[in-house]
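Peer 1: sequence and predicted model, in that order:
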Amino acid sequence: RVALMTFSDGVELRVPLEVVETNRNQVYSHIQSLRAGGGTSLFAALQQAVDFMNQQTDEDRIRSVVLLSDGADTGDGSVSLNQVIQTINASRDELNPVIVIPVAYGSDADVNTLTGIARASATRVQSGDPENILSVLQIISSYF
């Protein structure tokens, strides 16, 4: 199953969580139409995404968040990086933890922030740019 959340000044669930066969085209279409603009409430968005996945209780499914970001948070400060990392770490004790796979998007991405997020999930930062982002996402999807 896959869903798509986007964020700038706020967070929006663009494509609801459904089996991939049902919403694959809708997810790809939304990804291709994404444009930078507005603020970047990265930590609040990631907190919401992890909380959303924590509510999914199917033990036979991988619960993950693929985070496509430049790593910059210009939000209102309501959620900090440490709070997000604590939420991710709390999930690690579960039988089926939520994992976060950060994709550093753009040549000026804050890899340090994204690496901190990846460490909390015992994952690695992937690198993406406009030319290869669909390939990167297809590679990541092959893990599931």
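Peer 2: Alright, I've got the coordinates. Small disclaimer: the values here were computed from a predicted structure and weren't measured.
Peer 1: so how far does stretch 1-19 reach from one end to the other?
Peer 2: 4 Å (CA to CA, to the nearest Å).
Peer 1: the strands in this protein, which residues?
Peer 2: Ranges of strands within the chain are 2-7, 11-18, 63-69, 98-105, 126-128, based on DSSP state E.
Peer 1: closest to residue 82 out of those strands?
Peer 2: Counting by CB to CB, residue 82 lies closest to strand 98-105 out of the strands of the chain; the figure is 14.6 Å. (Each C-beta comes from the backbone N, C-alpha and C, glycine too.)
Peer 1: who's in contact with the closest one?
Peer 2: 46, 50, 53-54, 62-71, 88, 91, 110-111, 114-115, 117-118, 120-129, 133, 136-137, 140 (CB atoms under 8 Å, 6 or more residues apart in numbering).
Peer 1: using PDB, list the CA coordinates for it.
Peer 2: In PDB, the C-alpha atoms belonging to strand 98-105 read as follows (Å, rounded to 0.1, in the frame of the first residue of the first chain):
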ATOM      1  CA  VAL A  98       8.000   2.700  11.100                       C
ATOM      2  CA  ILE A  99      11.100   3.300   9.100                       C
ATOM      3  CA  VAL A 100      11.900   6.600   7.300                       C
ATOM      4  CA  ILE A 101      14.000   6.600   4.100                       C
ATOM      5  CA  PRO A 102      15.100  10.200   3.400                       C
ATOM      6  CA  VAL A 103      15.900  11.200  -0.200                       C
ATOM      7  CA  ALA A 104      18.100  14.300  -0.300                       C
ATOM      8  CA  TYR A 105      16.600  16.300  -3.100                       C
END
